[in-house]
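Enquirer: what's the 3D shape of this:
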Amino acid sequence: MSALWIELDTAPLEAARGDAVFVLVFQNERPLRGNAGRADWRLCGCLSALLARKRLSGARGEAALIPTAGGLRAPMLVALGAGAREAFDEEVWGRIAGEVARRSLLLRARSAVLPLPPADERLGLRPRLERLVAAAAGALGEHPADDLLLRVVVSREELLRATELLRSYRPRGLPESVALRLSPGPDRHLDREGARPSI
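Expert: So this is what the prediction gives:
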């Protein structure tokens with residue numbers, strides 16, 4: 001049985017604890033914005049250099065693994081191509097969330113940091129969280145006996161609502177081999193007894 005731990009965090013990207021940090025790079029956003037721009041700044045323009053050398057474009061399916069050398073608290077940054085910003089929707093987000101879980105396991109990362117993308121008219125808080133959990137659990141189901149702590153970075157304004165949504169979420173159709181757990185903090189795990197799943 002695998003366990004997917006979900007923990008909400010409001011720490012800035014550079015201070016978030018984990019083995020790997022994931023950021024989305026959009027094909028048509030130059031200069032980089034949001035968390036990709038923040039990671040680029042913290043890493044002295046490393047992502048911008050990859051873009052300039054055409055080693056990264058932001059196309060869907062692309063990934064670049066970058067050692068952070070102290071620029072971020074996590075030792076590894078993974079930049080994932082997210083395609084065009086205007087085409088980013090719940091389906092694309094779900095594919096990326098599954099990719100984050102799969103790549104974390106391939107990298108032997110026991111904990112991964114993933115900032116929740118900002119809300120817009122197409123992608124509210126509930127679908128962002130529910131698609132994230134379902135996709136990550138589905139990917140974890142392909143790797144029996146592996147556990148993953150997914151630290152989801154949210155804004156302080158979204159933290160309370162996100163916690164409520166996760167506590168009331170009852171996903172269907174997830175792999176029987178994956179147990180979902182909600183962690184209230186980095187050092188304390190809340191494992192609510194009762195019917196599976198527990199978030």
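Enquirer: Could I get the contacting residues of the residue nearest to the spatial centre of the chain?
Expert: With distances taken as CA atoms, centre = their mean, the residue of the chain nearest its centroid is Leu114 (2.7 Å). For Leu114, the contact set (CB atoms under 8 Å, 6 or more residues apart in numbering) comprises 21-22, 97, 100, 132, 150-153. Backbone N, C-alpha and C define where each C-beta goes, glycine included.
Enquirer: Got phi/psi on it?
Expert: Geometry field for Leu114 lists phi and psi as phi -140, psi 110, criterion degrees, to the nearest 10.
Enquirer: Likewise for Pro67?
Expert: Pro67 adopts backbone torsions of phi -70, psi 140, taken as degrees, to the nearest 10.
Enquirer: what pLDDT does it get?
Expert: Per-residue confidence (pLDDT) for Pro67: 97.
Enquirer: and the gap between it and Glu157?
Expert: The gap separating Pro67 from Glu157 is 32 Å, by CB to CB, to the nearest Å.
Enquirer: so where's this protein shaky on pLDDT?
Expert: Flagging of the chain using pLDDT under 70 yields the residue ranges 184-199.
Enquirer: mind listing the strands in it by residue range?
Expert: In the chain, strands defined by DSSP state E lie at 2-9, 20-25, 63-67, 76-81, 111-115, 148-153, 178-185, 188-190, listed in chain order.
Enquirer: Could you quantify the relative orientation of the fifth one and strand 148-153 as an angle?
Expert: In this case it means strand 111-115. 30 degrees (axes from the mean of the first three to the mean of the last three CA atoms, to 10 degrees).
Enquirer: Buried residues, stretch 65-77. List them.
Expert: If you call a residue buried by 16 or more other CB atoms under 10 Å, then stretch 65-77 has these buried ones: 66, 68, 71-74, 76-77.
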